[in-house]
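Student: Next comes the sequence, and after it the predicted model I'd like to discuss.
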Amino acid sequence: MRPFRAASVLAVAVLLGLVLAPSPVRADGPGATLHLTWSAPSVSQQVFTATLTCHPTGGGEESYMDAEAACADLTQAGGNPAALPGWWFVNCTGYQGWAIRTTATGTWFGQPVSYDVLHANVCLARKATGPVFNF
């Protein structure tokens, strides 16, 4: 009878551990929404905006160019816009233009996202952010 009791206690402990253990963040679960903007603050007051939802991929904006590519880059960066792979192949040598500000706020699987960068020009902004701010 004692072996049965020990096995029962062990089984209950394992089940409690499974129930009480925090579930890991899954890249395929819901919960990633970012509000994105880009603007040229020194030239215009106009601000371009989009809302991007990832996992599942979507967006409430018809103007969003490629939500799947943007979500893929954000997933690769762990939801951190500062770590985006960008478009490394873009050559901005000799490009002139006004400064571009890119911002992102929202949540990435429960973690707050706050990003605000002023790029020297639109070419460098696109190179750094790839498809995420391409709307």
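Tutor: Cool, the structure landed. Numbers count the residues shown, from 1 in each chain.

Student: Please report how far the most centrally placed residue in the chain lies from residue 44.
Tutor: By C-alpha atoms, centre = their mean, the chain has its centre lying nearest to residue 79, at 3.3 Å. Noted for residue 79: a distance of 29 Å to residue 44, by C-beta to C-beta, to the nearest Å. (C-beta placed from N, C-alpha, C; glycine too.)

Student: shaky segments in this protein?
Tutor: By pLDDT under 70, the low-scoring segments of the chain are 1-30, 59-64.

Student: The spatially closest residue to residue 32 that is not a sequence neighbour: neighbour count?
Tutor: Among residues not flanking residue 32 along the chain, residue 54 sits closest, at 4.1 Å (C-beta to C-beta, 6 or more residues apart in numbering). Neighbour count of residue 54, defined by other C-beta atoms under 10 Å: 24.

Student: Would you agree residue 54 is in contact with residue 77?
Tutor: No. Counting by C-beta atoms under 8 Å, no contact exists between residue 54 and residue 77, whose distance comes to 11.2 Å.

Student: Who are the contact partners of residue 74?
Tutor: 32, 34, 52, 54, 81, 84, 108, 132 (C-beta atoms under 8 Å, 6 or more residues apart in numbering).
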